[in-house]
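1. I would like to see how this sequence folds:
(one chain, ligands or ions: 3)
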Amino acid sequence: RLSADYYVKSCPRFNQIMQDTITNKQITSPTTAAGTLRVFFHDCFNDGCDASVLLSSTSSNSAERDAEINLSLPGDAFDLIVRAKTALEFACPNTVSCADILAVATRDLLTMLGGPHYTVYLGRKDSRISKSSLAESNLPRPTMPMSQLIDIFTKRGFTIQEMVALSGAHTVGFSHCKEFSFNIRNDTHYNPRFAQALQQACSGYPQNPTLSVFNDIMTPNKFDNLYFQNLPKGLGVLESDHSLYNDPRTRPFVELYAKDQNKFFQDFAKAMQKLSLYGIKTGRKGEIRRRCDAVN
Ligand code: HEM
Ligand SMILES: [Ca+2]
Ligand SMILES: [Ca+2]
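-> Ligands and ions are numbered 1, 2, ... in the order given. Here you go, the predicted structure:
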């Protein structure tokens, strides 16, 4: 039931409105792209790409967004979706789902950063449920052992290679100091000078929880394969980044993508397209929300 031109008749200006909104937002707030990519991932791994992550909590429900693991999702990503939805509701009311907006925004922002293009099939419906209690168990943590990380992906039908390709998303964006600081001193996988620099950058983090560092120190704002080239040099930020290189199950793919950016782009694009279809709701299993932060 999904199709690439799902809104051609019902909302002919869909692509144009998305493009305009995204370009404007990304130019004024350049951290939007990485933030949106992470929001999309966190939505999809929680019961599918159904915009459940966009719902706000109500007096009777604590929504995913308020789960501890999602508190660091940046406001700019949510703001982008609100802007796109507002413009789309004006042009074609009750037509475009928030889940489709998030999927297209993620793809278009990736392209703006220099990443690969892929077709996003459209026609997703929005969820009516969002539970903060489920978020923690569905999402990977940097402190999890590799077996558990692999489990989270394979349970959802993603191979180990697809997991590594998708982790290449850490070629852009930030990590807050609290996600890795406790670990720098004990983990021998860090390049010693890099460990020192990280410690310095994060020295004030208990008092200042907003302190953060780039995920890819070489090209933090460019979507490329430098993330994979960093890992063998001990220049990964999160413990899970280091593990991708240090675990024999994932290392071959890190080496492959470090050598061959085209292969990384091909595999990443395919895996993102697969992610964008994961657990989606169609027909009566969902709705077209009028506002992305509340059920109808
Ligand atoms: C393999 C398991 C993964 C773990 C343990 C993990 C963990 C994390 C953590 C802890 C952060 C820092 C967030 C912050 O402090 O604000 C982060 C950032 C990020 N992650 Fe992951 N992640 C994983 C996989 C993925 C995947 C599959 C994607 C997308 C396809 C992704 C996209 C991102 C992006 C884009 C950022 C930067 C966000 C920003 O700049 O606002 N991650 N990740
Ligand atoms: Ca979801
Ligand atoms: Ca990069």
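2. Does stretch 139-159 reach ligand 2?
-> No. Figure legend: stretch 139-159 not in contact with ligand 2 (C-beta under 5 Å from the ion); closest approach 10.8 Å. Heads up, the C-betas are built off the backbone N, CA and C, glycines and all.
3. Could you give the separation of that stretch from the chain centroid?
-> Centre-to-centre, stretch 139-159 and its host chain are 15 Å apart (C-alpha atoms, centre = their mean, to the nearest Å).
4. what do you get for stretch 197-215?
-> 22 Å.
5. Compute the first-to-last residue distance for that stretch.
-> 13 Å (C-alpha to C-alpha, to the nearest Å).
6. Run through who's touching that stretch.
-> Outside of stretch 197-215, the residues within contact range by C-beta atoms under 8 Å, 6 or more residues apart in numbering are 34, 170-178, 180-181, 184-185, 190, 220, 227, 237-238, 241.
7. what helix or strand is the residue positioned nearest the centre of the chain on?
-> Per C-alpha atoms, centre = their mean, the C-alpha nearest to the average position across the chain is that of R38, at 2.0 Å. Taking DSSP states H and E as the criterion, R38 maps to helix 32-45.
8. ok, and what's touching the helix or strand following that helix?
-> The helix or strand immediately downstream of helix 32-45 is helix 75-91, counting by DSSP H and E. Here helix 75-91 makes contact (C-beta under 8 Å, 6+ apart) with 11, 13-14, 17-18, 20-22, 24-25, 29, 31-32, 35-36, 38-39, 54, 95-96, 98, 101-102, 105, 290-293.
9. In space, what's closest to the closest residue to ligand 3 within the stretch 51-200 of the chain - neighbours in sequence excluded?
-> Residue nearest to ligand 3 within the stretch 51-200 of the chain: T171 (3.6 Å; C-beta to the ion). Distances taken as C-beta to C-beta, 6 or more residues apart in numbering place Y227 nearest to T171, at 3.8 Å, with adjacent residues excluded.
10. Tell me if stretch 61-80 is near ligand 2.
-> No. For a cut-off given as C-beta under 5 Å from the ion, stretch 61-80 has no contacts with ligand 2; the smallest distance is 7.3 Å.
11. about what we covered before: doesn't L166 make contact with the residue nearest to the centre of the chain?
-> No. R38 lies out of contact with L166 (C-beta atoms under 8 Å); the separation is 11.4 Å.
12. and the contacts of stretch 197-215, which are buried?
-> Buried members of the contacts of stretch 197-215, counted by 16 or more other C-beta atoms under 10 Å: 34, 170-177, 180-181, 184, 190, 220, 227, 237-238, 241.
13. ends of stretch 180-200, how far apart?
-> 13 Å.
14. Give the buried residues for that stretch.
-> Under 16+ other C-beta under 10 Å, the buried positions of stretch 180-200 are 180-181, 183-184, 187, 190, 194-195, 197-198.
15. from the chain's centre, how far out does it sit?
-> 25 Å.
16. same question for it, mean pLDDT?
-> The average pLDDT for stretch 180-200 rounds to 88.
17. How about the residues of the stretch 151-296 of the chain by ligand 1?
-> The stretch 151-296 of the chain comes close to ligand 1 at residues 166-167, 169-170, 172-176, 179, 212, 215, 238, 240, as judged by C-beta under 6 Å from any ligand atom.
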